[in-house]
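# Predicted model and sequence below, questions to follow.
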Amino acid sequence: MRINVYSQELITDPNGELPDYEIVSQRSNTGLTYSAVRMFLHSPEQLHQTTEDDDRSAITFWLPKSQERRQYLAEIFEEMAAVVRLAPFETGLD
């Protein structure tokens, strides 16, 4: 499976009213607790009936249980961040 997310879809305004990411912790019906990092995407205001209605589009990365695999995932994210900083400037949209 491949998921394409364009940078314009990500909420990346540090002075915005809405958070651009959140930490998630959820207990399943099996009794296990799962943790994740969620990045929010822009979505039309008309999708939200009230301020408590937070059904925004998002990308959720569920984290592995073992410290070794979490470390490996963190390293992947760090390498991705380095690529973002070093990638050549394009003529795309902001």
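On my side now, so go ahead.

# okay, which residue is most central for the chain?
The geometric centre of the chain, computed from its C-alpha atoms, lies nearest to residue 39 (Cα atoms, centre = their mean), at 1.9 Å.

# SS state for that residue?
Three-state assignment for residue 39 (DSSP: H, G, I helix; E, B strand; the rest coil): strand.

# Can you tell me who the spatially closest residue to residue 21 that is not a sequence neighbour pairs with across the strands?
Closest residue to residue 21 apart from its sequence neighbours, by Cβ to Cβ, 6 or more residues apart in numbering: residue 39 at 5.0 Å. Backbone N, C-alpha and C define where each C-beta goes, glycine included. Per DSSP bridges, the residues bridged to residue 39 are residue 21, residue 59.

# Please list all residues in contact with residue 39.
10, 11, 20, 21, 58, 59, 61 (Cβ atoms under 8 Å, 6 or more residues apart in numbering).

# Go ahead and confirm the last one touches residue 24.
No: the pair residue 61 / residue 24 is not scored as a contact, 9.3 Å apart, by Cβ atoms under 8 Å.

# any shared contact partners between these two?
Contact criterion Cβ under 8 Å, 6+ apart; residues shared by residue 61 and residue 24: 36, 37, 38.

# Would you list the phi and psi of the first one?
Pointing back at residue 36 there. When quoted as degrees, to the nearest 10, the phi and psi of residue 36 stand at phi -150, psi 160.

# which residues does it contact?
So residue 36 contacts 23, 24, 25, 26, 60, 61, 62, 63 (Cβ under 8 Å, 6+ apart).

# So what's the residue count around the residue nearest to the fifth one when sequence neighbours are not counted?
Right, residue 60. Nearest residue to residue 60, sequence neighbours excluded (Cβ to Cβ, 6+ apart): residue 38, at 4.5 Å. Neighbour count for residue 38, taken as other Cβ atoms under 10 Å: 16.

# Quick check: residue 38 touching residue 57?
No: with contact defined as Cβ under 8 Å, residue 38 does not reach residue 57; the gap is 10.4 Å.

# What score does the residue nearest to the centre of the chain have for pLDDT?
Here the pLDDT value assigned to residue 39 is 91.
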